[in-house]
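Visitor: Following is a predicted model, sequence given first.
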Number of protein chains: 2
Amino acid sequence: MGQDFEDFRFQKENWPAIKPTAPFGKAPFLEIDGKMVHQSTAITRYLGKEAGLAGSNNWEDLQIDIAVDTLHDFRQAVGGYWYETDEAIKEKKKGVLLNETAPFFLQKYDELVKANGGYVANGKLSWGDLYFIGISDYLNKMLGFDIFEKYENLRQVRDNVVGLPKIKEWIAKRPESEL
Amino acid sequence: MGQDFEDFRFQKENWPAIKPTAPFGKAPFLEIDGKMVHQSTAITRYLGKEAGLAGSNNWEDLQIDIAVDTLHDFRQAVGGYWYETDEAIKEKKKGVLLNETAPFFLQKYDELVKANGGYVANGKLSWGDLYFIGISDYLNKMLGFDIFEKYENLRQVRDNVVGLPKIKEWIAKRPESEL
């Protein structure tokens, strides 16, 4: 951590003009040494390895990948409700999400983190923790409640991540974006 | 490749009994040396690394991960249509999928494979190719057409994978399963 980068953010109304230049028509993407790469999880994993935040062996990497993909599934379930355009269906999805999917997942994830001493995998900091905290504001917004208030072990992950000096510095200076 | 394993398949009607024993309530999962792991992509990546089918460095691994996650997104788009329970919505989704999403994706993926000499990444065999061919029967079934008939570079991946002696052997002896 300490690599220079340009944080390129675009407004919703500019997306139609950018989309045709995006690999497979999707954001986010990243240019590294003139080469364009995409897929947020793949990029986060790559940057994590480069920054020394991967596991110590294949088994540890597997545990991080499991923690991240499980979270990704949950994010999609939450998004499936949030982006539903039919109001009646959205209401129904909201009920299932808030009464079943979210409590089930968050309880289990909290247990996973507890077993890992406040991290998502291997009992130590990894790019998986950064991934989780990176999407947590977005999750909280869609869910309509603060997961860190209710789940103390998840809160521990947040405290571990936002307590990192470089992360703290970034959060203080980053531009505001609409979530 | 050459590791012994037990291929445990269950029937749909037995899932409710198995589900509570599954990590985060989902299949598939794998037991390795008495430890349970889940998340299909994470498991495939791990087994791929163990079998020497990963990239030669972080950058190559990133290219495999991108190819796999892009395919995963497509699989989800196809599944979003296939598993839709409202017939009217399903019909509408089918139109978008067959006229827009699928041709756009398959054309781009075919170009990606062409640029990689018949593989999904790095111009050589990796676990990404096995992942692609592993889900291709399922994709073809949901799409209602054979992607390998229409896209010659994708066909090349299939030929490269099913031509591997150990894979050929497995395909010949594996049990039939309902897709």
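Guide: Now that the structure is in, tell me what you want to look at.
Visitor: thought A:Lys108 was touching B:Pro20?
Guide: No - the pair formed by A:Lys108 and B:Pro20 falls short of the contact definition of Cβ atoms under 8 Å, at 11.9 Å. Backbone N, C-alpha and C define where each C-beta goes, glycine included.
Visitor: out of those two, which sits in the busier spot?
Guide: Comparing A:Lys108 with B:Pro20 by neighbour count (other Cβ atoms under 10 Å in any protein chain shown), the higher total belongs to A:Lys108, at 15 against 7.
Visitor: residues contacting the closest residue in space to that one that isn't next to it in sequence?
Guide: In space, and not counting its chain neighbours, A:Lys108 is closest to B:Phe24: 5.7 Å by Cβ to Cβ, 6 or more residues apart in numbering or on different chains. B:Phe24 sits next to A:Thr70, A:Asp73, A:Phe105, A:Lys108, B:His38 when contact means Cβ atoms under 8 Å, 6 or more residues apart in numbering or on different chains.
Visitor: what residues are shared contacts of A:Lys108 and B:Pro20?
Guide: By Cβ under 8 Å, 6+ apart, no residue touches both A:Lys108 and B:Pro20.
Visitor: Can you tell me the element the residue most central in space within chain A falls in?
Guide: With distances taken as Cα atoms, centre = their mean, the residue of chain A nearest its centroid is A:Ile135 (3.2 Å). Assessed by DSSP states H and E, A:Ile135 sits inside helix A:127-143.
Visitor: need the next SSE after the longest helix seen in chain A, C-terminal direction.
Guide: In chain A, with assignment by DSSP state H, the single longest helix is helix A:58-82. Per DSSP H and E, the first helix or strand lying C-terminal to helix A:58-82 is helix A:87-96.
Visitor: Could you give me the buried positions within that next one?
Guide: The neighbour-count check on helix A:87-96 (16 or more other Cβ atoms under 10 Å in any protein chain shown) flags A:Lys90, A:Lys93 as buried.
Visitor: export the following helix or strand past that helix as PDB, just CAs?
Guide: Later in the chain than helix A:87-96, the nearest helix or strand by DSSP H and E is helix A:102-115. These are the backbone C-alpha positions of helix A:102-115, laid out as PDB (Å, rounded to 0.1, in the frame of the first residue of the first chain):
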ATOM      1  CA  ALA A 102     -30.000 -10.800   5.700                       C
ATOM      2  CA  PRO A 103     -30.300 -12.100   9.300                       C
ATOM      3  CA  PHE A 104     -29.300 -15.600   8.200                       C
ATOM      4  CA  PHE A 105     -26.300 -14.300   6.300                       C
ATOM      5  CA  LEU A 106     -25.200 -11.600   8.700                       C
ATOM      6  CA  GLN A 107     -25.400 -14.000  11.700                       C
ATOM      7  CA  LYS A 108     -23.300 -16.600   9.900                       C
ATOM      8  CA  TYR A 109     -20.800 -14.000   8.700                       C
ATOM      9  CA  ASP A 110     -20.500 -12.600  12.100                       C
ATOM     10  CA  GLU A 111     -19.600 -16.100  13.400                       C
ATOM     11  CA  LEU A 112     -17.100 -16.600  10.600                       C
ATOM     12  CA  VAL A 113     -15.400 -13.300  11.600                       C
ATOM     13  CA  LYS A 114     -15.500 -14.200  15.300                       C
ATOM     14  CA  ALA A 115     -13.800 -17.500  14.600                       C
END
